[in-house]
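Sequence plus predicted model, see below.
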Amino acid sequence: MPRPLVADLPSGFDATALPGRGRKLIVAVSGGRDSVLLLDALLRAGWTHLVIAHFNHGLRGMASGQDARFVRSLGRRLGLPVEVGRAAVAPWAAQRKLSIEAAARVARHAFFQEVARRHHTRQVVLAHHANDQAETILANLCRGAGLNGLAGMRAVQPLNGLTLRRPLLRVEREEINRFVAAHGLRFREDASNAAAEHRRNRLRHEVLPLLDEIYARRVAPQLVRAGTQVRLAAEHLEELARAALADPACCDAERRLCLDAAWRSLAPAVQPLVLRLWLREIWKLPGIGMAEVDLALSQLESGGPARINLPGDWQLRRKARRLQPMRLRS
C-alpha cells in the first residue's frame, strides 16, 4: 500500500476527533460512499490499526448481502480484518414497538459492543458528515428537542462504554463526492436513501435544497455552525446544573428536590437542566426528555398540578415545596 499522504485529505477532516495513531479503531463501513471515504481517509492520515465493522440490518433483501460481500472484498484488498454482523431489525422493531431507525441503531450499537470486546478496543469511528449533522439538527428542532438535540451529534461521544468518533462532521457532501470521484473510490449505492417515505430522506432531498434556494446559499454549513454554538452553550449550562445539583441545599436526605432559596436563585435556563439531571441520574427514571421536564416545570407555576405522570409507571408529586417521584402501584 502507498505511504499515507496526510495532506491529501477531505477538506474539514477533523483529526482531533481521533485518538493517537497507534490505537486500534473499529471503523463502521456500510459500503456506501461516506464510509468508504472515511476508511480511505483514515489510512491516508496514518491510522492503520483498523478493524472494519459491517452490520447487515436485513432490510434490503439481496442488496444487503451484496453490501456485506463488497465490504469483505474491500477488507481483503486493504489487508484489514472485517467483522460482519446481522439482525432481522424489522420484526424486532415491531415486537418492541420501536421505529425501524431506533431498532436499527440499538442493534448496530450492540454489534459494535461485540466487536469491541473481541478486538480489545472501545474506539468506534463513524462516517457522519456535515450534511448528516444539518439534517439531525433540523429534525431535532422539528421534534421539539432541547439544547442537546439542537447541538446535533458530538464529534466524540461516550456511549455505553464505547467512544464514538466522527471526524467527518465538518466535511460537506459535495466535498465527499469530489474526493471520491478524484480518487476513484468504489462504493455501493443504497437505493433506500432516495425512498420518499423516510422523513430523513425528505429533509435531505426536499427541505434542505428548498432552504438553499430560498436563502441563495448552502444552509447546511449554517446549521452546523449554529449547532456548534449551541453545543458550547449547552455544555456550560450543564456544568452549572451539575454544580447546583451537587449543592447539599438542592436535595434533602430523601433525595427530594428542594424548591427553596437555592432553587429560586438558579437562572431560568439552568432550572430545567437540574430537573432533568435529578430525574435521570439521582432517581434513574426512564424516558425523561424535554417534554417530561416541561411537564415537571408546570408544577412549579402558580396553580400548577400537584401530581404529574411520568414514563415507566412513575408519578412526580409536589408537597411542602418538595418534588418527589413515586412509583405507581398496579
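On my side now, so go ahead.

show me the contacts for the closest residue to residue 47 other than its chain neighbours.
The spatially closest residue to residue 47, leaving aside those adjacent along the chain, is residue 21, at 5.4 Å (C-beta to C-beta, 6 or more residues apart in numbering). (Glycine included, C-beta is placed from N, CA and C.) Contacts were defined as C-beta atoms under 8 Å, 6 or more residues apart in numbering; by that measure residue 21 touches 45-49.

go again using 10 Å as the cut-off
Contacts here follow C-beta atoms under 10 Å, 6 or more residues apart in numbering; on that basis residue 21 touches 4, 15, 42, 45-49.

Quick check: which element contains residue 74?
helix 62-78 (DSSP states H and E).

What are the buried residues along that helix?
With burial defined by 16 or more other C-beta atoms under 10 Å, the residues of helix 62-78 counted as buried are 64, 67-68, 70-71, 74-75.

Report the two of the residues you listed separated the most.
Greatest spatial distance among these (C-beta to C-beta): 64 and 75, at 17.0 Å.

contacts for the lowest-mean-pLDDT helix or strand in the chain?
Of all the helices and strands that make up the chain, the one with the lowest confidence by mean pLDDT, DSSP states H and E is helix 89-96; it has a mean of 79. Helix 89-96 is contacted by residues 55-59, 98-108 when judged by C-beta under 10 Å, 6+ apart.

let's see 6 Å
By C-beta atoms under 6 Å, 6 or more residues apart in numbering, the surrounding residues in contact with helix 89-96 are 57-58, 100, 103-104, 107.

Of those residues, just the buried ones, ChimeraX syntax please.
Selecting only the buried entries of these in ChimeraX, with 16+ other C-beta under 10 Å as the criterion:
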select :57,58,103,104,107
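
sorry, back to before: and the helix holding residue 74, average pLDDT?
Per-residue pLDDT values over helix 62-78 give a mean of 91.

Over to stretch 248-265?
Stretch 248-265 shows a mean pLDDT of 95 in the predicted model.

What's the end-to-end length of that stretch?
Using C-alpha to C-alpha, to the nearest Å, the end-to-end distance of stretch 248-265 comes to 14 Å.

same question, stretch 316-324
The distance separating the two terminal residues of stretch 316-324, taken as C-alpha to C-alpha, comes to 6 Å.

Sketch out the low-pLDDT regions of the stretch 101-250 of the chain for me.
By pLDDT under 70, the low-scoring segments of the stretch 101-250 of the chain are 191-197.

which residues in it form helices?
With DSSP state H, counting those that start in this stretch as the definition, the stretch 101-250 of the chain shows helices at residue ranges 130-143, 147-151, 173-182, 199-202, 208-215, 219-246.

Figure out which of the ones you listed is closest to residue 82.
Of all these, the one in closest proximity to residue 82, counting by C-beta to C-beta, is helix 173-182 (20.5 Å).

Can you name the residues in contact with the closest one?
The contact list for helix 173-182, computed with C-beta under 6 Å, 6+ apart, reads 10-11, 33, 37, 131.

Return the subset of those residues lying in helices.
33, 37, 131 (DSSP state H).

any chance of those residues in TSV, plus distance to residue 149 and neighbour count?
Putting the ones in helices among the contacts of helix 173-182 into TSV (distance: C-beta to C-beta, whole Å; neighbours: other C-beta atoms under 10 Å) gives the following:
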residue	distance to residue 149	neighbour count
33	27	21
37	27	25
131	18	22
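
Need the contact partners of the helix holding residue 74.
Residues beyond helix 62-78 that count as contacts (C-beta under 6 Å, 6+ apart) turn out to be 29, 31, 52, 54, 56, 82, 84, 188.

from these, which has minimum pLDDT?
Among the contacts of helix 62-78, residue 56 has the weakest pLDDT, 88.

quick one on the thing from earlier: surely the residue nearest to residue 47 forms part of a helix?
No - the secondary structure assignment for residue 21 gives coil rather than a helix, going by DSSP: H, G, I helix; E, B strand; the rest coil.

and it, backbone torsions?
phi -70, psi -20 (degrees, to the nearest 10).

Next one: it from residue 301, what distance?
When C-beta to C-beta, to the nearest Å is applied, the distance between residue 21 and residue 301 equals 55 Å.
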